[in-house]
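Asks: this one's structure only:
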């Protein structure tokens, strides 16, 4: 049996494979390194010591401005968005028991996109931009309810969810394209950038608005972790062990929406993170949801932060949206996954 | 309501169906405690459906299932899981799951958010692994095991659940002869040592006759007859339930009834073959 790290006292008892704990710490270290890299690099190179001084609130005012107001919120937003989408993808893959599931495929991203594009094309003049996240979250929720409702047949099975999700996702894509075609050119450009996904121009308000969503959803996910592990064994075995499958499925679907939708609302429809981050995480740690969740989140965060970094650096002075590079890494990986599946 | 003797699991006027088809109509059945009961019957007679209803996997369209006297659907999932374990047909484990991880899942009904690896959990998982001779294989992935080993791993998970009642749906189908006997011997020992009530569906009539204390023959969703195999395994029963002519003889090793079906055969020179 694997060497385990266990805690056992009157209040708390759990055990975890040591190898997984180490992997988690290494990924966390990568995460912190990438944050520091992103703060150093950009139009103006700032060395690491100066970055650290600026973070502590001292040193040159200009450096503090660049690090604290321009770069740090953007990097944190990229990290949070990556973490949120990766978590959402992990929840969906566990719930549907299919490694190809992700918020994009099942229609959550599509719903958020359709709603956001409608807002940008028709309402952004009348209502302030502050309403964009509200629209996106509402769109994702509507899409999720639609999927759940259409998949209902005296209960919901994983297979039905994914099939209906693919259909709803296509329908949402059609709505999005139609709205863009029907709207004036100026809003089309904004809409396209939104659809690709970008963290350009993030400020601290956005970061503070997104963080509570993530925090609450992660607490809920950790609370459900054991149930998620058990339900991966199949509906019948899980029911036999005492899990109420229907209720759990509904809760997990809701959880994946509140993880993905706010992130999509603030950063746009960044695709592929929800699909590939959990797969990368599975290479490093065991199949336990409680450890897969933080590792997937950190992996997703690293992925989006790196993509944003490349977007800022590689084509200066242009600022390429992060979504472009995520797709550049994600699409070949997705093809590789399909190739590996034993069909 | 007619409540017979002290029985851990029984159905009262149970009716079950899928979609528009009724499979079981108003069935009263009591399972005897601390014994091995086997459900036998032809394909589609309703035995698997009945087992699933007992395991709370199907909701009855009418009637009740009583677990230790209480309606099984009025109890919470975890309460039922502490008293009754089910091993369905052909379970599938997620890729990469090890034997030990699988067996640990069997402790789910006893755990909560804060307490997920108590001393009891550890002790019972290790005990389940050693009872099924899976301790050396505990770090292996399920999909790398042979059919018999895999089935033993699933049974170990059900054992870790530490229940008085164990339900199994065709645990030996798709296994070769060695592994069939291995699994059935394991279940028999379990019943002998821990007095576990075992209810299972078996296709092989002769194995059922060998291991079962009680046999229940199901035909068209009703109980055709039930009792000790030596009392009920007769030509007329096999003809009625399986629509098959057979010859009932005594198993030369175990003295339990053995059913040899009539049918086509090739010609064998009587002198060329001797029983060994």
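Replies: All right, it came through fine. Model, not experiment: these values are computed from the prediction.
Asks: from now on I want contacts and neighbour counts done on CA atoms only, so please keep to that.
Replies: Fine.
Asks: need the residues of the stretch 151-276 of chain B near chain A, please.
Replies: residue B:161 (Cα under 8 Å from any Cα of the partner chain).
Asks: list phi and psi for the residue of the stretch 151-276 of chain B found nearest chain A.
Replies: Chain A sits closest to residue B:161 of the stretch 151-276 of chain B, with a gap of 8.0 Å, by Cα to the nearest Cα. Dihedral angles phi and psi of residue B:161 (degrees, to the nearest 10) take the values phi -70, psi -10.
Asks: residues contacting the closest residue to residue A:285 other than its chain neighbours?
Replies: Residue nearest to residue A:285 in three dimensions, not counting chain neighbours: residue A:20, with 4.7 Å by Cα to Cα, 6 or more residues apart in numbering or on different chains. Applying Cα atoms under 8 Å, 6 or more residues apart in numbering or on different chains to residue A:20 gives the contacts A:284, A:285, A:286, A:291.
Asks: poorly predicted segments of chain B, please.
Replies: B:1-5, B:272-276 (pLDDT under 70).
Asks: can you give me the helices for it?
Replies: Secondary structure of chain B (DSSP state H): helices located at B:47-54, B:77-83, B:99-105, B:119-131, B:147-160, B:177-194, B:205-211, B:229-232, B:235-242.
Asks: spatially central residue in the chain, please.
Replies: Here I'm looking at chain A. Nearest to the mean C-alpha position of chain A, by Cα atoms, centre = their mean, lies residue A:85 at 0.9 Å.
Asks: ah, no, chain B please
Replies: Per Cα atoms, centre = their mean, the C-alpha nearest to the average position across chain B is that of residue B:200, at 2.0 Å.
Asks: bridge partners for it, pull those for me.
Replies: Counting by DSSP bridges, residue B:200 forms beta bridges with residue B:38, residue B:168.
Asks: neighbouring contacts of stretch B:113-124?
Replies: Contacts for stretch B:113-124 (Cα under 8 Å, 6+ apart): A:8, A:11-15, A:223, A:226, B:104, B:107, B:111, B:160, B:162.
Asks: ok, now with 10 Å
Replies: Around stretch B:113-124, the neighbours that count as contacts under Cα atoms under 10 Å, 6 or more residues apart in numbering or on different chains are A:6-16, A:222-227, B:103-108, B:110-111, B:125-130, B:156-157, B:159-162.
Asks: may I see the ChimeraX selection of the buried members of those residues?
Replies: Typed into ChimeraX, the line below selects the buried ones among those, using 16 or more other Cα atoms under 10 Å in any protein chain shown:
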select /A:13,14,16,222,224,225,226,227 /B:103,104,105,106,107,108,110,111,125,126,127,128,129,156,157,159,160,161,162
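Asks: so where's chain A uncertain?
Replies: A:1-2, A:10-11, A:341-343.
Asks: can you name the residue of it nearest chain B?
Replies: Closest residue of chain A to chain B, Cα to the nearest Cα: residue A:242 (3.9 Å).
Asks: what's near enough to touch that residue?
Replies: Per Cα under 10 Å, 6+ apart, neighbours of residue A:242: A:227, A:230-231, A:236, B:56, B:76-82, B:84-85, B:108-110.
Asks: may I have the secondary structure class of the residue nearest to residue A:285?
Replies: helix (DSSP: H, G, I helix; E, B strand; the rest coil).
Asks: wait, residue A:302 sits on residue A:32?
Replies: Yes - the criterion here is Cα atoms under 10 Å, and residue A:302 meets it with residue A:32 at 9.0 Å.
Asks: these two: which is more packed in?
Replies: Neighbours per residue (other Cα atoms under 10 Å in any protein chain shown) separate residue A:302 from residue A:32, with residue A:302 holding more: 27 against 14.
Asks: got a list of what the more buried one touches?
Replies: A:27-28, A:30-35, A:75, A:78-80, A:82-83, A:277, A:296, A:308.
Asks: what residues sit buried inside stretch A:308-323?
Replies: A:308, A:309, A:310, A:311, A:312, A:313, A:319, A:320, A:321, A:322, A:323.
Asks: next: stretch A:42-51.
Replies: A:42, A:46, A:50, A:51.
Asks: hang on, the earlier thing: roughly how far apart are the residue of chain A closest to chain B and residue A:236?
Replies: 10 Å (Cα to Cα, to the nearest Å).
Asks: repeat that for residue B:101.
Replies: For residue B:101, the distance to residue A:236 - Cα to Cα - is 18 Å.
Asks: ditto for residue A:6
Replies: Counting by Cα to Cα - residue A:6 and residue A:236 are separated by 30 Å.
Asks: quick revisit: any chance of TSV for the helices of chain B, columns distance to residue A:102?
Replies: Converted to TSV, these look like this (distance: least, Cα to Cα, whole Å):
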stretch	distance to residue A:102
helix B:47-54	32
helix B:77-83	29
helix B:99-105	25
helix B:119-131	34
helix B:147-160	30
helix B:177-194	40
helix B:205-211	46
helix B:229-232	53
helix B:235-242	49
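Asks: just how off-centre is stretch A:116-124 within its chain?
Replies: Distance of stretch A:116-124 from the chain centroid (Cα atoms, centre = their mean, to the nearest Å) equals 23 Å.
Asks: hmm, back to that, buried subset of the contacts of residue A:242?
Replies: Using 16+ other Cα under 10 Å, the buried ones in the contacts of residue A:242 are A:227, A:230-231, A:236, B:56, B:77-78, B:80-82, B:84-85, B:108-110.
Asks: looking at those residues, which is nearest residue A:133?
Replies: Distance to residue A:133 across the buried ones among the contacts of residue A:242 (Cα to Cα) is lowest for residue A:227, with 30.6 Å.
Asks: which one is that closest one nearest to, not counting chain neighbours?
Replies: Nearest to residue A:227 is residue A:243, by Cα to Cα, 6+ apart, at 6.9 Å.
Asks: thought that neighbour was touching residue B:105?
Replies: No - the criterion here is Cα under 10 Å, and residue A:243 misses it with residue B:105 at 11.5 Å.
Asks: give me the common contacts of those two.
Replies: Common contacts of residue A:243 and residue B:105 (Cα under 10 Å, 6+ apart): A:227, A:230, A:231, A:237.
Asks: TSV for the residues you listed, including secondary structure and distance to residue B:215?
Replies: Listed next are the shared contacts of residue A:243 and residue B:105 as TSV, based on DSSP: H, G, I helix; E, B strand; the rest coil; distance: Cα to Cα, whole Å:
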residue	secondary structure	distance to residue B:215
A:227	helix	36
A:230	helix	33
A:231	helix	33
A:237	helix	25
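Asks: quick one on the thing from earlier: among the contacts of residue A:302, the buried ones, what's the PyMOL command?
Replies: To isolate the buried ones among those in PyMOL, judged by 16+ other Cα under 10 Å, type:
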select buried, chain A and resi 27+28+31+34+35+75+78+79+80+82+83+277+296+308
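Asks: what does the stretch 201-343 of chain A have sitting close to chain B?
Replies: Residues of the stretch 201-343 of chain A lying close to chain B (Cα under 10 Å from any Cα of the partner chain) are A:222-227, A:229-244, A:282, A:286-288.
Asks: burial of residue 247, as a residue count?
Replies: The chain I'm using is chain A. By other Cα under 10 Å, neighbour count at residue A:247 equals 10.
Asks: meant chain B, my bad for not saying
Replies: Per other Cα under 10 Å, the neighbour tally for residue B:247 reads 12.
Asks: with residue B:264 instead?
Replies: 6.
Asks: and what of residue A:156?
Replies: 17.
Asks: for it, phi and psi?
Replies: phi -120, psi 130.
Asks: nearest residue to it other than its sequence neighbours?
Replies: Excluding the flanking residues, the one nearest residue A:156 by Cα to Cα, 6+ apart is residue A:246, at 6.9 Å.
Asks: ok, residue A:195 next?
Replies: residue A:269 (5.0 Å).
Asks: okay, now that neighbour: neighbour count?
Replies: Count around residue A:269 with other Cα under 10 Å applied: 28.
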